[in-house]
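Colleague: Model the structure of this input:
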Amino acid sequence: MTQQTNHLVTTVKKFSGPIAVVGAFALGAALFVGHGRVQAASALAMPLDDNSVSALTSLDRAMEAVASRVTPAVVNVAVTSRVGDDEQQGDDEEGGRHMQQLPPDLRKFFGPMMPQMPQGQQIEHGIGSGIIISPDGYIVTNNHVVDGATQIRVTLNDRRVFTAKVIGTDKLTDLAVVKINASNLPTVAWGDSTKLEPGQTVLAFGSPFGYFQFSVTRGIVSAVDRPNPYSHDARRLGGYIQTDAAINPGNSGGPLVDARGELVGINTFIISDSGSFAGAGFAIPSQIVHATTEQIIKHGHVEHGYLGINISDVTPDNAQFFNLKDASGAIVAGVSPDSPAGKGGLKQGDVITEVNGQKVANMSALQVEISQMSPGTSLKLGVLREGKPMNLNLTVGQYHAKTEEAGNESGASHQKGKIGIAVANLDDQVRQQLNVPDQVKGVVIQEVRPGSPAEEAGLQPGDVIQEVNRKPAGDAGQFTSAVHAAPADRDILLLVWSRGGASYRTVHPDQSVAQSDHNQ
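Modeller: Numbering: from 1, shown residues only. I've put the predicted structure just below:
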């Protein structure tokens with residue numbers, strides 16, 4: 001025992017008698033004075049009565065009822081595929097589900113991918129989810145879950161395992177239907193996603209991270225009609241349901257249901273820096289899912305309506321350039337030659353405000369509406385052209401993915417002042433390098449200054465600027481003059497061709513940069 005410890009013990013012994021007496025007195029006093037408090041503490045330890053928490057317990061029972069009704073129809077989808085060296089390098093443009101070919105958000109969202117062989121062909125395993133929609137074994141999931149699969153194994157809630165076959169897929173909507181050989185299976189009823197409103201309760205089901213099968217999370221509808229987030233493919237449909245119900249990797253293809261237990265969406269991706277739940281999950285609305293799966297089951301494929309236009313949203317920033325009173329509708333940013341839109345008289349710069357008498361809220365709503373129409377359908381478009389209303393009659397065409405996909409230093413302007421870009425003339429060599437269609441005219445962006453107005457507007461090197469404030473961009477010199485001619489305190493509207501599609505971008509010029517001969 002150390003000297004310090006001996007001293008401490010000695011001190012305690014020296015005062016142990018008086019302390020004991022005082023302690024006994026204090027304890028008695030405490031018991032006497034605190035008798036009421038002990039009783040109060042005991043009362044606080046009792047659970048709340050049913051009347052006090054009836055609203056919460058009722059909500060719990062309701063959610064339990066929904067979960068118990070839906071869970072038996074939820075399945076786990078395990079996928080096996082073989083990947084060759086070329087596919088691993090991302091060289092196969094038509095390749096399937098492989099991680100290198102998925103958008104970054106989907107790479108994070110799909111379940112664990114585990115290569116099994118070090119060289120040559122590799123075997124990959126992925127995990128997703130699905131929902132049974134018919135008693136005879138039809139199951140809806142995501143296209144990116146099963147695309148490229150050599151084997152699909154479906155695990156039911158009762159732990160039975162079946163081998164599934166692909167009935168059909170649709171890359172445009174990222175939906176797929178697979179089937180197992182079974183009968184009398186539990187199903188979920190279809191809901192109406194068009195009636196969803198922000199704030200409504202929803203539940204998300206699936207197999208997060210591939211390991212925790214048949215999980216359920218609860219949240220609300222955060223927003224509806226979210227636009228297409230896939231910058232690499234402007235033709236992908238929007239209209240997504242956004243929810244804060246926790247969705248994680250492996251939930252892809254699982255159902256999103258409303259408070260009645262009706263299927264209102266298919267979970268498809270998340271937006272997250274980490275790849276895990278961050279409060280922003282997205283689902284394909286049942287409005288799209290139901291129509292798409294019906295076609296797949298009936299025909300084995302999907303026929304999408306097609307007009308042959310590039311469109312942009314009307315925003316408060318660009319509405320003034322089109323003589324619009326409010327920020328609604330969809331702006332025609334480009335019209336494909338010999339397309340249904342071109343034959344029907346639509347022109348670049350038109351604003352589509354109505355389809356068959358129904359108001360068009362935004363670009364996403366128009367995409368969904370046209371896509372769900374059968375080829376050959378007649379429709380009437382309400383259009384504003386230079387602020388003047390007019391009606392156009394068109395016939396919907398059929399979308400074909402393959403046919404509808406849509407460095408010259410001497411010509412460059414190297415100053416990047418007013419909006420923060422350097423441009424060059426679009427000559428034959430550059431056009432070939434960037435695979436720019438012949439009908440696209442303008443100047444190509446060579447460089448974008450970090451933090452500039454151009455970067456904030458989403459402009460990137462390789463984009464082609466076709467117009468400045470509704471006027472042709474011409475060559476690099478004409479473009480520079482047009483930018484300089486814009487009033488210093490006014491926004492600039494650019495028509496930009498990028499990655500196979502055109503869109504309007506509003507740029508807020510840098511007021512602090514003086515204009516020189518080549519500043520843009």
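Colleague: what distance separates stretch 334-347 from the middle of the whole chain?
Modeller: Between the mean C-alpha point of stretch 334-347 and the mean C-alpha point of its chain there is a distance of 29 Å (Cα atoms, centre = their mean, to the nearest Å).
Colleague: same deal with stretch 247-256?
Modeller: Between the mean C-alpha location of stretch 247-256 and the chain-wide mean there is a distance of 13 Å, by Cα atoms, centre = their mean.
Colleague: so how far does it reach from one end to the other?
Modeller: Taking Cα to Cα, to the nearest Å as the measure, stretch 247-256 stretches 10 Å from start to finish.
Colleague: With stretch 444-455 instead?
Modeller: Using Cα to Cα, the span of stretch 444-455 from its first residue to its last is 15 Å.
Colleague: Restricting the selection to alpha carbons, write stretch 294-314 to CSV.
Modeller: Once side chains and other backbone atoms are set aside, the C-alpha atoms of stretch 294-314 remain, and they are given as CSV (Å, rounded to 0.1, in the frame of the first residue of the first chain):
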residue,chain,number,x,y,z
GLU,A,294,-49.0,-4.8,-68.1
GLN,A,295,-47.2,-4.3,-71.4
ILE,A,296,-44.3,-6.5,-70.4
ILE,A,297,-46.6,-9.4,-69.3
LYS,A,298,-48.7,-9.1,-72.4
HIS,A,299,-46.1,-8.5,-75.0
GLY,A,300,-42.7,-9.2,-73.4
HIS,A,301,-41.6,-5.6,-74.1
VAL,A,302,-42.8,-2.0,-73.8
GLU,A,303,-43.8,0.4,-76.6
HIS,A,304,-43.3,4.0,-75.5
GLY,A,305,-44.8,7.0,-77.1
TYR,A,306,-42.4,9.4,-78.8
LEU,A,307,-42.5,13.0,-80.2
GLY,A,308,-38.9,13.6,-81.1
ILE,A,309,-38.2,16.7,-79.0
ASN,A,310,-35.7,17.8,-76.4
ILE,A,311,-37.4,19.7,-73.6
SER,A,312,-36.6,22.0,-70.7
ASP,A,313,-38.5,23.2,-67.7
VAL,A,314,-39.9,26.7,-67.5
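Colleague: Which positions within it qualify as buried?
Modeller: 295-297, 302-314 (16 or more other Cβ atoms under 10 Å). Any C-beta I mention is one placed from the backbone N, CA and C, and that applies to glycine too.
Colleague: And for stretch 390-397?
Modeller: If you call a residue buried by 16+ other Cβ under 10 Å, then stretch 390-397 has these buried ones: 392, 394, 396, 397.
Colleague: Could you tell me which ranges of this protein sit under the pLDDT cut-off?
Modeller: Low-confidence segments of the chain, defined by pLDDT under 70: 1-44, 82-123, 210, 230-235, 274-276, 401-417, 510-520.
Colleague: on that earlier part again, in strands, which of the buried residues of stretch 390-397 fall?
Modeller: Where those overlap with strands, as defined by DSSP state E, the overlap consists of 392, 394, 397.
Colleague: residues contacting the nearest residue in space to residue 351 that is not next to it in sequence?
Modeller: If the residues on either side of it in the chain are set aside, residue 351 comes closest to residue 384, at 4.3 Å by Cβ to Cβ, 6 or more residues apart in numbering. With contact set as Cβ atoms under 8 Å, 6 or more residues apart in numbering, residue 384 has these partners: 322, 323, 324, 329, 350, 351, 353, 390.
Colleague: one more time with 10 Å
Modeller: By Cβ atoms under 10 Å, 6 or more residues apart in numbering, the contact list for residue 384 reads 314, 322-325, 329, 331, 349-354, 390.
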